[in-house]
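> next input, structure requested:
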Amino acid sequence: MKHTLHIGLIPIARPTFDVALAAEMMERIRASLDGLGCAIHGPNDLIMDLDGVRAAAAELLSEPVDLLLAFQASFADSTMVTELARTLTGAPLLLWALPEERTGGRLRLNSFCGINLAGHALRRAGFNYDYVYAQPEDEAALRKLTTLARAGRVRRTLRSARVGRFGLNPDGFEPCQFDGDALAARLGVQVVQRGLNEVFDGARAASVSAVEPVLANLAERVDGLHELEQEPLRKTLGAYVTLGRLADENGFNGLAVRCWPEFFTELGGAACGAMSMLTDEMTPCACEADVNGAVTGLMLQGLSGEPAFGTDIVGWDLERDETVLWHCGLAPLSMCDPDFRPRTTVHSNRKKPLLMEFPLKRGRVTIARLSQATGEYRLVVGAGEMQVAPMSYTGTSGVLKFDRPAQEVLDTIMQEGLDHHISLTYGDHLDALLALAKLLELPVLRLA
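As a prediction, this is how the structure comes out:
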């Protein structure tokens, strides 16, 4: 799912420089942003004074801006950019300056001096920013812009995000604990505690008309549904319907669900299949009531536009430099190896359906975990290549080669006492993830 990036474009100039050339540069940057498919917000003309900046900033306050671009079309002092930073605090700020040819004649734009002044003023005032120094069509500069905008979009999403937590984490699963005050203060995420009985009552009461379409749709995507015990299967599908309804009714962007033992012992089904389907529909779900895992999923799917999978690391082949990932049957079906027909199964320990069963597809993956292993929040990040491999165990599993040697990753995990859950999404999003950590002022620990 590709998201449109919303760019607040403020083109700054002064009438004492070459206004015609500055206007040409403004049109060129607009064309570049159009070519990227961005939605551009802001004035169509150059802004020459503080009143113009104030008016433009006031209009942008009502727009969903992922990145604020102060485009230094010509020299100007720092007052206009500083005003932007004071007014529009919700989006990352990027200063863009333009190189000029050394002609021996007039310095027509003096653009860099403008962002140099602005950067000094912003730093003294305590504002964060980034910059590029390039022509409007420069590919590296545009990549940096989109990377920052993607990070800004995820930060904007997190500031209004709500995670529904159903049940409590199991005893002895400290990584599934969370600090609600810190999440709200640092990220803006609100956690809403609910009871498991709300899910179980809804699952039991789910109507045939609600469950049958889900069953029919799923039968087209997986094998083995009709070989399962049907009553517990329908309870799991009822849980899927109920959790989806509760997410819609309460504005939950992600879910953290206590999946065992009560789903097996009290409902008589399994949470895994329900959460797999919801995650595939971009409502990231974390088992064992793991709120930090659900928030990590929100981060990753926001950057990639694709689902994120929360998993355990269960083994290492240090000679082959491989890491084995596994979870009961929680991975979204979109991550299945295309050469493997996904099938359904029962939980390996509890013998209840519904679980998905398949190996993860080959490809580049980005790894993350919002971790409290030190007591304070930080972001664990990494990257690697998922390998073509048969299923390691029943359920959903994959074989990963980290960008660093497996022994080094293993040493880091154990020496740092990191969480047993880690999340992944497909694609190379590490730069955007690091940009997001910077925006959120989260310390970073790199696995790769």
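> ok, which stretches of the chain are helices?
Taking DSSP state H as the criterion, the chain carries its helices at 19-35, 50-60, 79-87, 111-125, 139-159, 180-182, 196-205, 208-219, 230-250, 262, 271-280, 291-304, 406-416, 430-439.
> what about the residue nearest to residue 251 when sequence neighbours are not counted, distance to residue 189?
Counting by C-beta to C-beta, 6 or more residues apart in numbering, residue 251 lies nearest to residue 162, which is 5.3 Å off, once chain neighbours are set aside. Where C-beta positions appear, they are placed from N, C-alpha and C, glycine not excepted. Distance of residue 162 to residue 189, computed by C-beta to C-beta, to the nearest Å: 7 Å.
> ok, now residue 444?
Using C-beta to C-beta, we find residue 444 at a distance of 19 Å from residue 189.
> swap in residue 104?
Using C-beta to C-beta, one gets 56 Å for the distance from residue 104 to residue 189.
> and those two? Which one has more around it.
residue 189 (26 against 5; other C-beta atoms under 10 Å).
> quick check, that one in contact with residue 158.
Yes: between residue 189 and residue 158 there is a contact under C-beta atoms under 8 Å: 5.6 Å.
> can you pull the residues that touch both of the two?
295, 298 (C-beta atoms under 8 Å, 6 or more residues apart in numbering).
> buried residues in stretch 20-28?
By 16 or more other C-beta atoms under 10 Å, the buried positions in stretch 20-28 come out as 21, 22, 23, 25, 26.
> can you pull up the most central residue in the protein?
Centroid-nearest residue in the chain, with C-alpha atoms, centre = their mean: residue 299, separated by 2.3 Å.
> residue contacts, it?
Residue 299 makes contacts with 154, 158, 308, 368, 370, 433, 436, as judged by C-beta under 8 Å, 6+ apart.
> pLDDT on stretch 218-237, on average?
Here stretch 218-237 scores 96 as its mean pLDDT.
> run the chain-centre distance for that stretch.
The chain centre lies 31 Å from the centre of stretch 218-237; the measure is C-alpha atoms, centre = their mean, to the nearest Å.
> next up, the contacts around residue 357.
Residues near residue 357 by C-beta under 8 Å, 6+ apart: 329, 342, 343, 344, 345, 391, 394, 395, 396.
> hmm, 7 Å instead?
329, 342, 343, 344, 345, 394, 395, 396 (C-beta atoms under 7 Å, 6 or more residues apart in numbering).
> the closest residue to it other than its chain neighbours bridge partners, please.
Once flanking residues are discounted, residue 357 sits nearest to residue 345: 4.5 Å by C-beta to C-beta, 6+ apart. For residue 345, the beta-bridge partners under DSSP bridges are residue 355.
> and residue 345, how many residues sit next to it?
Residue 345 has 23 nearby residues by other C-beta under 10 Å.
> what about it, distance to residue 381?
The separation that residue 345 has from residue 381, given C-beta to C-beta, amounts to 32 Å.
> check residue 102 too.
In terms of C-beta to C-beta, residue 102 sits 41 Å off from residue 381.
> tell me which of these two has more neighbours.
Neighbours per residue (other C-beta under 10 Å) separate residue 102 from residue 381, with residue 381 holding more: 21 against 7.
> how many other residues sit next to residue 112?
Neighbour count of residue 112, defined by other C-beta under 10 Å: 17.
> hmm, residue 345 and residue 223 touching each other?
No: between residue 223 and residue 345 there is no contact under C-beta atoms under 7 Å: 10.1 Å.
> okay, domains of this protein per the record?
6-150, 160-446 (automatic domain parsing).
> how about the nearest residue to residue 150, chain neighbours excluded?
Among residues not flanking residue 150 along the chain, residue 432 sits closest, at 4.6 Å (C-beta to C-beta, 6+ apart).
> ok, that neighbour touching residue 153?
No: using C-beta under 7 Å, residue 432 is not in contact with residue 153, being 9.5 Å away.
> which neighbours do those two share?
With C-beta under 7 Å, 6+ apart, residue 432 and residue 153 have no common neighbours.
> so for the closest residue in space to residue 361 that isn't next to it in sequence, what's the pLDDT?
Nearest non-adjacent residue to residue 361, counting by C-beta to C-beta, 6+ apart: residue 337, 4.6 Å away. pLDDT for residue 337: 98.
> any idea how far residue 176 is from residue 337?
Taking C-beta to C-beta, one finds residue 337 at 29 Å from residue 176.
> more neighbours, these two?
Higher neighbour count among residue 337 and residue 176: residue 176, with 23 against 19, using other C-beta under 10 Å.
> my guess is the more buried one meets residue 169, correct?
Yes: contact status for residue 176 versus residue 169: in contact at 3.4 Å, counting by C-beta under 7 Å.
> quickly list what's touching both of those two.
Common neighbours of residue 176 and residue 169, using C-beta under 7 Å, 6+ apart, are 288, 289, 290.
> wait, the last one touches residue 421, no?
Yes: in terms of C-beta under 7 Å, residue 290 counts as a neighbour of residue 421; the distance is 5.7 Å.
> tell me, what's touching these two both at once?
Common neighbours of residue 290 and residue 421, counting by C-beta under 7 Å, 6+ apart, are 175, 310.
> give me the pLDDT value at the residue nearest to residue 150.
98.
> show me the contacts for it.
147, 150, 151, 303.
> at 8 Å instead, please
Taking C-beta under 8 Å, 6+ apart as the test, what residue 432 contacts is 147, 150, 151, 154, 303.
> could you single out the nearest of the residues you listed to residue 386?
Nearest to residue 386 among those is residue 303, at 17.2 Å by C-beta to C-beta.
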